[in-house]
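Student: no sequence on this one, just coordinates:
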Ligand code: NI
């Protein structure tokens, strides 16, 4: 099993439509199975237009596209699903609103993972596994052991997130998780000439 | 016809849940037919909790409750409808997503009003009628004549918004519009002792 490579992108990585489209091509070409669009404090119309770009790219590549937080934008754009964090809609409500959508839930510990399953989540994003600077740390890192406890306890896919890089992939793989989620590793690495390094994703891919 | 009194409330008027609940009671008691909850850059979960408060108040008073911009929150909270501005979801998409919801659309001129009707809007909020400080002015004020042209041209209710006060109500009434929308007049007037003036809405009510 090659594992799921789950990329997260937002305006910090791609501020305009052309960059967003190019990064999506690069990420899917580099092995990404899923791209999540995450935008904070963006007007709904602009968020929707960006989601429509990624919808088209995902369809062209035959890959998945998920919207962070906004189930309205996810449905309007024809996304495959929505990812919900602690400050978003409760997953039970999202499940009622969108029976066929993929619903992912961020979990910080085993109890939250089990609650997500009970709420009807299709997968969980578990983390942070290690300390990260990409968002404020509101829970202690899971570490390999905490991640493994979640993977052992629930039957839906567990995507590891937070502080991951090529050096930690071997340990991540041993936890039994289904995939890894990366922001900086996928979209911010540059090759020697300063161009986006489309091969950067490869080392992060979980290989059996 | 007594006309529709349409109040708009958000965190600038009511920053906490208790104030929000009290203002809703005051507004409905003061003659408000509809309250719209308008929040910018608020986490979805918090926005939903505030919407649930207003849902309960509207039901208790037998009045209507509308959510600005966020159709996901409107549906999740069981609101009566959603109000869409220029930077929100296109009304055609909102109508597809929510066939039974009341869909209101902000319009700045006659062409936009006619487009809103074609898109399936249930009402329009037309304005600003007069200059206002409550949001940036991205279109010239309609004035009485511009408002009347819209009211004459379309068959769905037209709610006048922007720069309205008791002194302009007589002129507004003559345009044939269905109601008035107020933020500051409803929620920011204070009585002589500095308490919210629950009677402030009364002069704004359109009476035949
Ligand atoms: Ni595989």
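Tutor: Structure received. Small disclaimer: the values here were computed from a predicted structure and weren't measured.

Student: What's the separation between residue A:42 and the ion?
Tutor: Look at residue A:42 and the ion: by Cβ to the ion, to the nearest Å, they are 33 Å apart. For every residue, glycine as well, the C-beta is placed using N, CA and C.

Student: Check which helix or strand that residue maps to.
Tutor: Counting by DSSP states H and E, there is no helix or strand that carries residue A:42.

Student: is it true that it touches residue A:15?
Tutor: No - Residue A:42 lies out of contact with residue A:15 (Cβ atoms under 8 Å); the separation is 10.9 Å.

Student: is it true that residue A:116 touches residue A:91?
Tutor: Yes - applying Cβ under 8 Å as the test, residue A:116 and residue A:91 come out as touching, 6.2 Å apart.

Student: Need the residues touching each of the two.
Tutor: residue A:105 (Cβ atoms under 8 Å, 6 or more residues apart in numbering or on different chains).

Student: what about residue A:42 and residue A:15, which has more around it?
Tutor: residue A:42 (18 against 10; other Cβ atoms under 10 Å in any protein chain shown).

Student: one step back: so for residue A:116 and residue A:91, which residue has more residues nearby?
Tutor: residue A:116 (25 against 22).

Student: Quick check: which element contains that one?
Tutor: Assigned by DSSP H and E, residue A:116 falls in helix A:110-119.

Student: so how far is that helix off the chain centroid?
Tutor: 18 Å (Cα atoms, centre = their mean, to the nearest Å).

Student: So which other helices or strands are in contact with it?
Tutor: If you count contacts as 3 or more Cβ pairs under 8 Å, 6 or more residues apart in numbering or on different chains; DSSP states H and E, helix A:110-119 packs onto helix A:91-97, strand A:102-107, strand A:123-126, helix A:143-153.

Student: so it versus helix A:143-153, what angle?
Tutor: 30 degrees (axes from the mean of the first three to the mean of the last three Cα atoms, to 10 degrees).

Student: in helix A:110-119, what counts as buried?
Tutor: The neighbour-count check on helix A:110-119 (16 or more other Cβ atoms under 10 Å in any protein chain shown) flags A:110, A:112, A:113, A:115, A:116, A:117, A:119 as buried.

Student: quick one: the last one from chain B, how far?
Tutor: Looking back up the chat, that one is residue A:119. Distance of residue A:119 to chain B, computed by Cβ to the nearest Cβ, to the nearest Å: 14 Å.

Student: is it true that that residue touches residue A:89?
Tutor: No - with contacts counted by Cβ under 8 Å, residue A:119 stays clear of residue A:89, the gap being 10.7 Å.

Student: Mind listing residues that contact stretch A:71-83?
Tutor: A:36, A:38, A:44, A:47-48, A:51-52, A:54-55, A:58, A:64-70, A:89, A:94, A:97-98, A:101-106, A:122, A:125, B:70-72, B:89, B:93, B:97.

Student: Beyond the lengthiest helix in chain A, next helix or strand please.
Tutor: As assigned by DSSP state H, the longest helix anywhere in chain A is helix A:44-61. Moving toward the C-terminus from helix A:44-61, the next helix or strand (DSSP H and E) is strand A:64-68.

Student: That next one vs chain B: in contact?
Tutor: No - using Cβ under 8 Å from any Cβ of the partner chain, strand A:64-68 stays clear of chain B, coming no nearer than 10.3 Å.

Student: Could you list every helix and strand in contact with that strand?
Tutor: On a contact count with 3+ Cβ pairs under 8 Å, 6+ apart, strand A:64-68 meets strand A:34-37, helix A:44-61, helix A:71-77, strand A:81-84, strand A:102-107.

Student: how does it look with 10 Å?
Tutor: strand A:4-9, helix A:17-29, strand A:34-37, helix A:44-61, helix A:71-77, strand A:81-84, strand A:102-107 (3 or more Cβ pairs under 10 Å, 6 or more residues apart in numbering or on different chains; DSSP states H and E).

Student: Nearest to residue A:176, out of those?
Tutor: strand A:4-9 (12.9 Å; Cβ to Cβ).

Student: Would that closest one count as contacting chain B?
Tutor: No - Strand A:4-9 is not in contact with chain B by Cβ under 10 Å from any Cβ of the partner chain; minimum separation 17.4 Å.
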